[in-house]
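Q: I would like to see how this sequence folds:
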Amino acid sequence: MPIVAHNDLPTFQRLREEGVNVLPPDRALHQDIRELHIGLLNMMPDKALAATERQFFRLVGESNPIAQFYVHPFTLPQLPRGAAAQRHVDAFYDSFEQVREQGLDALIITGANVVGPDLSQQPFWQPLIEVIDWAYANVTSTLCSCLATHAVLEFRYSQRRTPRPLKTWGVFPHRVVDRAHPLVHDVNTRFDVPHSRWNDVSRAQFDAAGLRVLAQSDVGVHLATSGDGFRFIFFQGHPEYDTISLLKEYKREVMRYANGDTTLFPPFVENYFTARDEAVLREYRMRLDRSLAAGDAIPDFPDALLTAGLDNTWRDTAHAVIGNWMGLVYQLTHSDRRKPFMDGIDPNNPLGLPGAASTR
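A: Predicted coordinates:
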């Protein structure tokens, strides 16, 4: 069933234009279909705030035909915002207090940009812990993306991320390593996932924490769960990314080079650009370097020449995993989301999985 446009958030209109089924609230009221209320703690910086909304709203809205989805975005006031982004948040986002009062069936927590290696020194650290602690006791399942995964593994499982010598940046093949878990039911045994990160939590750390690893690759673990199999879902990659997301990141790094913020021209994003795209980018760098040397204007980045050649090899798997997650949330939650967490279900093994362990 569709995602419900329960306010005037511009993301809803963008999704309609893409062909996503978005239901007006007056029509939703006349549908005799169960509602699921999903929180989205969006911690992304201003330039990625709306794009991240669309990516996760799209995944949820197209995930499962069994419910009407109400997605409630909120953020943390400790995250710095420019004037335009703050107006967007003030107009369309809930506060954590509002989310906590109304209750949620599930929660998604995005990544964030950080300054410095120590997560515990970030301004959002304590407020994020408050959200996670509340969700642990009151929300059926919480999906953590990228930095949110690293934060939860540090403060709840005492597993600190470690910096990598080079950025993990590209689209990488992964393999399902635990085919018995319902999150990967009907998922290809091999599938692609984009990654964009400087830090890593290793397989050995996931194992030491008693977590359940479902999919990994040569660049590390992508998909895992808490020991009980469901209370926390962990992504280290970015299956929500649009086809052009990595291109936009690459362009930002090229512009940093062009503006003198770094002396290093970025390497190609792995397994992403075609041979033709790489030739276009080599030619662009030569033109850019000539312009910089001559003191001329920076030439336009060749976006239009690159986007047509980009492939998306991860979205179908992302939809399958999120669809399985939403289906399990539907099965395990009460119609009244204010009732105690999974009342009557074993909280240490809600899915009845063999080998499930208690969540810390």
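Q: in stretch 183-196, what's buried?
A: Leu183, Val184, Val187, Phe191, Asp192, Val193, Pro194, His195, Ser196 (16 or more other Cβ atoms under 10 Å). Just so you know, the C-beta spots here come from the backbone N, C-alpha and C atoms, and that holds for glycine as well.
Q: Now secondary structure, distance to Asp289 and pLDDT too, for these, in JSON lines please.
A: Converted to JSON lines, the buried residues of stretch 183-196 look like this (DSSP: H, G, I helix; E, B strand; the rest coil; distance: Cβ to Cβ, whole Å; pLDDT from 0 to 100):
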{"residue": "Leu183", "secondary structure": "helix", "distance to Asp289": "47", "pLDDT": "96"}
{"residue": "Val184", "secondary structure": "helix", "distance to Asp289": "46", "pLDDT": "96"}
{"residue": "Val187", "secondary structure": "coil", "distance to Asp289": "44", "pLDDT": "94"}
{"residue": "Phe191", "secondary structure": "strand", "distance to Asp289": "38", "pLDDT": "97"}
{"residue": "Asp192", "secondary structure": "strand", "distance to Asp289": "33", "pLDDT": "98"}
{"residue": "Val193", "secondary structure": "strand", "distance to Asp289": "33", "pLDDT": "98"}
{"residue": "Pro194", "secondary structure": "strand", "distance to Asp289": "28", "pLDDT": "98"}
{"residue": "His195", "secondary structure": "strand", "distance to Asp289": "29", "pLDDT": "97"}
{"residue": "Ser196", "secondary structure": "strand", "distance to Asp289": "25", "pLDDT": "96"}
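Q: Lys167: what's it in contact with?
A: Ser196, Arg197, Trp198 (Cβ atoms under 8 Å, 6 or more residues apart in numbering).
Q: Gln78 too?
A: Here Gln78 is in contact with Pro123, Phe124, Pro127 (Cβ under 8 Å, 6+ apart).
Q: hmm, 10 Å instead?
A: Met43, Gln122, Pro123, Phe124, Trp125, Gln126, Pro127, Leu128 (Cβ atoms under 10 Å, 6 or more residues apart in numbering).
Q: Point me to the residue sitting closest to the centre of this protein.
A: Ser145 (4.3 Å; Cα atoms, centre = their mean).
Q: Now for that one: which residues touch it?
A: Listed by Cβ under 10 Å, 6+ apart, the contact set of Ser145 reads 41, 43-44, 52, 55-56, 108-112, 233-240.
Q: Would you mind giving the contacts of Lys167 as CSV with distance to Pro24 added?
A: Below are those laid out as CSV (distance: Cβ to Cβ, whole Å):
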residue, distance to Pro24
Ser196, 35
Arg197, 38
Trp198, 42
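Q: What count of nearby residues applies to Ile109?
A: 25 (other Cβ atoms under 10 Å).
Q: oh sorry, the question was meant for Arg252
A: For Arg252, using other Cβ under 10 Å, the count is 11.
Q: for this protein, longest helix please?
A: helix 275-294 (DSSP state H).
Q: Now do the next helix or strand after that one: distance to the chain's middle.
A: Using DSSP states H and E, the helix or strand that follows helix 275-294 in sequence is helix 303-307. With Cα atoms, centre = their mean, to the nearest Å as the basis, helix 303-307 stands 25 Å off its chain's centre.
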